[in-house]
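A.B. asks: 3D model of this:
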Amino acid sequence: MSLPPAGPKPILYQVRALPGGHFERLAARFDLRGGGATPEARPALLEAAREAEVLVTSYIDRVDGALLDGLPRLRHLASYGVGVDHLDLEACRRRGLLVTNTPGVVTEATAEQAIALMLAAARRVAEGDRLIRRGGWSSVDPALLLGTGLDGKLLGLIGFGRIGQAVARRAAGLGLRLAYTSPREVSFPGARRLPLEALLAEADVVSLHVPRTPATEGLLSRERLALMKPGALLVNTARGAVVDDAALAEALRSGRLAGAGLDVFRDEPRVPPAFLELENVVLTPHLGSGTRETRGAMALMVVEEVERVARGEPARHAVA
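C.D. replies: You can find the predicted model right below:
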């Protein structure tokens, strides 16, 4: 797809502002619109973006057939993020749209977030913070906030691609033993490959690193959560739909699972109310890629991909 260099500039619409100020460099070629601090409601978005030839979305902006029907001139959908489960890719294919994403740059930041949630859940960091803010430290029972030590414990990684292995490297430095489940054997020092059910039964900490696909939807079902070791921890920086929310909340409420660290949810930005009521869950708002360095690199990838396609060159990160 090569956009015309002469005449009226093609319109590029950003659903929301992205960091780094990189989009200014596109002003010579595009009529830049949108990019507010918060996204427009659907009717306003359809009105504001109806002439756009390029639409830039984030990983939490739902793009479905109804939205695409209102954007008849759209030719390139550039998604700021790795996962594409927020996009109706089949609807994009039917319309002949180019869809691109930003893979590869989120690995280290997401691994850091997984480790942060693991430590916070194990050592009950958020609970301790809330206790102090309520003024309850002076009267606290010394046994009230005993956490779980991680040294020598088994970390089970469900999914062992780039992010899973980045988590494993960090976890090894904390003294955790490693196991993983994956469709293929991976050569990684000290890591054992186990079937999913065996991993759930043995692991003291389970960390999820799989995309949302039909095969992973509800992967940690009620039945599989029941296989987890009593007192284990669950960390999810992958996708919320991989876990049965109600079953997880019950296991945490009963104390059968000691805690969880959750960065992703099935229907973001909505968080299941049951999790909000539980002290032993650490909740973060999809911060896996949330470092200045990573988010800036993602925005730059979007800009470079838009420039590349506008020059008539093949996209580097096409997903549809």
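A.B. asks: extract the residue ranges of the protein that are flagged as low pLDDT.
C.D. replies: Applying pLDDT under 70 to the chain flags residues 1-7, 140, 142-143.
A.B. asks: and the helices in it?
C.D. replies: Listed in chain order, the helices of the chain (DSSP state H) span 42-49, 65-69, 89-94, 107-123, 125-133, 162-173, 196-202, 222-225, 245-254, 273-276, 292-310.
A.B. asks: which strands or helices does the longest one pack on?
C.D. replies: The one in question is helix 292-310. strand 54-58, strand 76-80, strand 98-100, helix 107-123 (3 or more C-beta pairs under 8 Å, 6 or more residues apart in numbering; DSSP states H and E). For the C-beta atoms, the positions are set from N, CA and C on the backbone; glycine is no exception.
A.B. asks: and if we set it to 10 Å?
C.D. replies: strand 11-14, strand 54-58, strand 76-80, strand 98-100, helix 107-123 (3 or more C-beta pairs under 10 Å, 6 or more residues apart in numbering; DSSP states H and E).
A.B. asks: ok, which of the ones you listed comes nearest residue 146?
C.D. replies: Smallest distance to residue 146 across the helices and strands packed on helix 292-310 (C-beta to C-beta): 9.5 Å, for helix 107-123.
A.B. asks: quick one: the closest one to helix 162-173, angle?
C.D. replies: 50 degrees (axes from the mean of the first three to the mean of the last three C-alpha atoms, to 10 degrees).
A.B. asks: pull out the buried positions in helix 107-123.
C.D. replies: 107-123 (16 or more other C-beta atoms under 10 Å).
A.B. asks: same list (the helices and strands packed on helix 292-310) but as TSV, adding distance to residue 319.
C.D. replies: Formatted as TSV, the helices and strands packed on helix 292-310 follow (distance: least, C-beta to C-beta, whole Å):
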stretch	distance to residue 319
strand 11-14	19
strand 54-58	13
strand 76-80	8
strand 98-100	5
helix 107-123	17
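A.B. asks: just the helices of the chain: most buried one?
C.D. replies: Highest mean neighbour count of those: helix 107-123, a mean of 22 (counted as mean count of other C-beta atoms under 10 Å).
A.B. asks: quick check: angle from that helix to helix 292-310?
C.D. replies: Using the same axes, to 10 degrees, the direction of helix 107-123 lies 150 degrees away from that of helix 292-310.
A.B. asks: on that earlier part again, what's the closest of the helices and strands packed on helix 292-310 to residue 203?
C.D. replies: Judged by C-beta to C-beta, the one of the helices and strands packed on helix 292-310 that comes nearest to residue 203 is helix 107-123, at 11.7 Å.
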